[in-house]
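Peer 1: Here is my input, please return the structure:
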Amino acid sequence: MAHPSAQPRPVGPGLPPVCGQQARVLILGSFPSPKSRAQGFYYGHPQNRFWPLLASLLGAPVPDWQDLDAKRALVIDHGLAVWDVVCRCTITGASDASIRDVVPNAVPELAARLGVQAIFCNGGTAAKLYHRYLEAAVGRAAVTLPSTSPANAAWTLPRLRQAWGEALGPWLAGQK
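Peer 2: Predicted structure coming up:
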């Protein structure tokens, strides 16, 4: 018999957005992994490089894995927002490639309310889903960044830092 997580199943809603009253930059993932859903916060897998990467780019200390308030502050205090493209879907375990039956999040409304000026997708699946379900409604193309997922092992943290830094750097430094 197959492991239960190996079976496609409907899941959702995902997690609420992490944002303050305004944000110039919105970083979108695809859909929260089972570990993120269990933790109740984004990039909850201890081996996901998102939080160490973001802290490095911002010149901030890396938040402890379970310190959700520090993670939230890292995003909000720097004028960022984090959310996912997908609100509900059918998915097999944590496999982005298996996502189907997509119900997107209300990204157009959030982007308008926050005054978002740039959208970045954490990985190719998030970018494909954003393009398919949300780009026309948002009226803004997204920049695709390499995934911080541990499944993207070909991208080391230094390589991720270079790619993300080149794309996000001007926004984080207030140059855009």
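Peer 1: so where do the helices sit in this structure?
Peer 2: Assigned by DSSP state H, the helices in the chain fall at 34-39, 50-58, 68-76, 107-114, 124-133, 135-138, 157-172.
Peer 1: Of those helices, which is nearest Ala151?
Peer 2: helix 124-133 (10.5 Å; CB to CB). All C-beta atoms are positioned from the backbone trio N, CA, C, and that covers glycine.
Peer 1: That closest one - contacts with which helices or strands?
Peer 2: For helix 124-133, the elements it packs on are strand 25-29, strand 95-104, strand 118-122, strand 142-145, judged by 3 or more CB pairs under 8 Å, 6 or more residues apart in numbering; DSSP states H and E.
Peer 1: Can you say which of the helices of the chain is nearest to Thr92?
Peer 2: Using CB to CB, the nearest of the helices of the chain to Thr92 is helix 34-39, at 10.6 Å.
Peer 1: Show me which residues of that closest one are buried.
Peer 2: Ser36, Arg37, Gln39 (16 or more other CB atoms under 10 Å).
Peer 1: Let me know the closest of those to Asn48.
Peer 2: Ser36 (8.2 Å).
Peer 1: That closest one touches Tyr43, doesn't it?
Peer 2: Yes. Between Ser36 and Tyr43 there is a contact under CB atoms under 8 Å: 6.3 Å.
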